[in-house]
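Asks: below is the sequence, then the predicted model.
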Amino acid sequence: MDVFEPIVLTSGLFLHNRLIKAAMEENMANEVQQPGSDIFNLYTAWAKGEMGAIITGNVMVDPQAMTGPGGIALHANSELAPFTEWAKLSKKHGVKIIMQINHPGRQTYRSLGGKTIAPSSTPLELGKHSSMFSQPETMSETDIQDVISRFAITAKKAEEAGFDGVQIHAAHGYLLSQFLSPLVNKRQDKWGGKIVNRSRLLIEIVCSVKKAVSTRFSISVKLNSADFQRGGFDITDAILVVQQLEKMDVDFVELSGGSYEAPAMQGRSADDRTLAREAYFLEFAKSIALQTTLKIMTTGGIKRLAVANQVRNEHIDLVGIASAMAYKPDLVRIWKTNAEALGFTPKVDWKNKTLAALATMALVRRQLQRLGRSKVPKQNASALFSLIQDRIRLAKLTKRYKKNVLGK
């Protein structure tokens, strides 16, 4: 099977190949949480890369609940013009653009001072680094209905702005993933307990989004194949959730894994399971794909065309590439003429896993920022320097966020 084979999704969305730029957290919004020149430059670089589709970095549905201080938010009061420009530039070379929409839940930094809610008041467990994150408040029924409404509003506005679809983020320990996890979700009502209840919020959000947009607008979901924590959301749960989504005719499910507590999306588990060196979640994706007719995408450290083709040969429909496209935004175009071209992904092997994860994210963000300034990425960037620089930058953005968004 060939990754350069085109595909038509259930919604009718046509992709001219199976290689997808997967989401990375960018933290490159302007002072009012909108896309600006840096984002426009970054996505223009990717649009020239000839992949089938670009999935954006996560766009938040609530401006007071952010994964980071430089994040983009799209909500009822957002000005649409910057988003329209973002979509137009991303689609300029025939690439489709899908907006990833998200709510962080409990994965919000204490320093931000925004809204921190979760299915239960279960805090993040990151050892001595736990204090970096706020203590979450248990969500009320009103909170839950508000979140459902916000996802639908964001999706509708994304379609109005010219995006081809939305990807609902239910992975990596964010709010919808928190509801799915028995380690985080301790509720005793209809939103907790068995997997049919823990998945209820995701299903309700998909239903609400489908009602808010046209039938030709692509809806997909990002889901953990497993949380990679003992007693957490696992592949058995994932199969049941995917089978529910199959009945709802979503275009595809992207399978990933992990959370802030267990950053499997960086190749590290917290339950001693060994992940592949590349295409981390392929074995899990294969098992899940056998249980559904839904189109499946997987991502995780892919940087070689041979590995991308291996994923396709396992009957996985779409292949996601993330970090490698921070270093080579035109990697897919290069592969068309040089199948042996090697992408690059950073690896930080520090003993402190939390700091190693933060440094890895900092290295990737540094390359995205360089692309946003129309500069060439640096493969030899220092992990320590990048982490320090990232912390200083985020501190400045936090002050800006508190002043401009929270009025503090």
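Replies: Received, thanks. Small disclaimer: the values here were computed from a predicted structure and weren't measured.

Asks: list the beta-bridge partners for V319.
Replies: L19, T298 (DSSP bridges).

Asks: how much space between it and R333?
Replies: As for V319, its distance to R333 is 15 Å (criterion: C-beta to C-beta, to the nearest Å). Every C-beta, even on glycine, is put in place using the N, C-alpha and C of the backbone.

Asks: those two: which is more packed in?
Replies: A count of neighbours by other C-beta atoms under 10 Å puts V319 above the other of V319 and R333, at 27 against 16.

Asks: ok, that one - contacts?
Replies: V3, R18, L19, I20, M297, T298, T299, I302, A308, V311, R312 (C-beta atoms under 8 Å, 6 or more residues apart in numbering).

Asks: which element is V206 on?
Replies: Here V206 sits within helix 200-212, counting by DSSP states H and E.

Asks: and that helix, what does it pack onto?
Replies: Other elements packing on helix 200-212 under the criterion 3 or more C-beta pairs under 8 Å, 6 or more residues apart in numbering; DSSP states H and E are helix 141-161, strand 165-170, helix 175-180, strand 218-224, helix 235-246.

Asks: let's have these in CSV, adding mean neighbour count, mean pLDDT and distance to L394.
Replies: Formatted as CSV, the helices and strands packed on helix 200-212 follow (neighbours: other C-beta atoms under 10 Å; pLDDT from 0 to 100; distance: least, C-beta to C-beta, whole Å):
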stretch, mean neighbour count, mean pLDDT, distance to L394
helix 141-161, 19, 98, 24
strand 165-170, 28, 98, 20
helix 175-180, 28, 97, 21
strand 218-224, 27, 96, 24
helix 235-246, 19, 95, 32
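
Asks: just put the ones you listed in CSV and tack on distance to N197.
Replies: Below are those laid out as CSV (distance: least, C-beta to C-beta, whole Å):
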stretch, distance to N197
helix 141-161, 12
strand 165-170, 15
helix 175-180, 9
strand 218-224, 17
helix 235-246, 12
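
Asks: out of the ones you listed, which comes closest to K128?
Replies: Judged by C-beta to C-beta, the one of the helices and strands packed on helix 200-212 that comes nearest to K128 is helix 175-180, at 22.2 Å.

Asks: now the element after that closest one, going C-ward?
Replies: Toward the C-terminus from helix 175-180 - assigned by DSSP H and E - lies helix 195-198.

Asks: quick check: angle from the worst-scoring helix or strand of the chain on mean pLDDT to helix 235-246?
Replies: For the chain, counting by mean pLDDT, DSSP states H and E, helix 282-289 ranks last in confidence among helices and strands (a mean of 90). Calculated by axes from the mean of the first three to the mean of the last three C-alpha atoms, to 10 degrees, helix 282-289 forms an angle of 50 degrees with helix 235-246.

Asks: any chance you could list what contacts helix 282-289?
Replies: In contact with helix 282-289 (C-beta under 8 Å, 6+ apart) are residues 225-226, 235, 238-239, 242, 255, 257, 276, 296, 298, 300, 310-311, 314-316.

Asks: okay, it in PDB with CA atoms only?
Replies: C-alpha atoms of helix 282-289 as PDB (Å, rounded to 0.1, in the frame of the first residue of the first chain):
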ATOM      1  CA  LEU A 282       1.400   1.000  15.500                       C
ATOM      2  CA  GLU A 283       0.800  -2.300  17.300                       C
ATOM      3  CA  PHE A 284      -2.100  -0.800  19.300                       C
ATOM      4  CA  ALA A 285      -3.500   0.800  16.100                       C
ATOM      5  CA  LYS A 286      -3.400  -2.600  14.300                       C
ATOM      6  CA  SER A 287      -5.300  -4.300  17.000                       C
ATOM      7  CA  ILE A 288      -8.000  -1.600  17.100                       C
ATOM      8  CA  ALA A 289      -8.300  -1.300  13.300                       C
END
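
Asks: check the offset of it from the chain's centre.
Replies: 19 Å (C-alpha atoms, centre = their mean, to the nearest Å).

Asks: got it, and stretch 2-16?
Replies: Its chain's C-alpha centre and that of stretch 2-16 lie 21 Å apart, by C-alpha atoms, centre = their mean.

Asks: and for stretch 135-154?
Replies: Distance of stretch 135-154 from its chain centroid, counting by C-alpha atoms, centre = their mean, is 19 Å.

Asks: contacts for it?
Replies: Against stretch 135-154 from outside (C-beta under 8 Å, 6+ apart): 59, 61-62, 74-76, 99, 101, 103, 105-106, 116-123, 166, 168, 175, 187, 191, 201, 204-205, 208-209, 211-212.

Asks: narrow these to just the buried residues.
Replies: Among the contacts of stretch 135-154, those classed as buried by neighbour count (16 or more other C-beta atoms under 10 Å) are 59, 61-62, 74-75, 99, 101, 103, 105-106, 116-120, 122-123, 166, 168, 175, 187, 191, 201, 204-205, 208-209, 212.

Asks: any stretches of the protein with poor pLDDT?
Replies: Within the chain, the segments meeting pLDDT under 70 span 262-279.

Asks: what do you get if the cut-off is 80, keeping everything else the same?
Replies: For the chain, applying pLDDT under 80 flags the ranges 1, 226-231, 258-280.

Asks: how near is the residue located most distally from the centre of the chain to L331?
Replies: Distance from the centre of the chain peaks at T337, with 29.3 Å (C-alpha atoms, centre = their mean). Counting by C-beta to C-beta, the gap from T337 to L331 is 12 Å.

Asks: again, but for Q167
Replies: For Q167 relative to L331 (C-beta to C-beta), the value is 21 Å.

Asks: check A87 too.
Replies: From A87 to L331 the distance is 22 Å (C-beta to C-beta).

Asks: the more surrounded of these two?
Replies: Between A87 and L331, L331 has the larger neighbour count (other C-beta under 10 Å), namely 26 against 22.

Asks: now do the phi/psi pair for that one.
Replies: phi -60, psi -40 (degrees, to the nearest 10).
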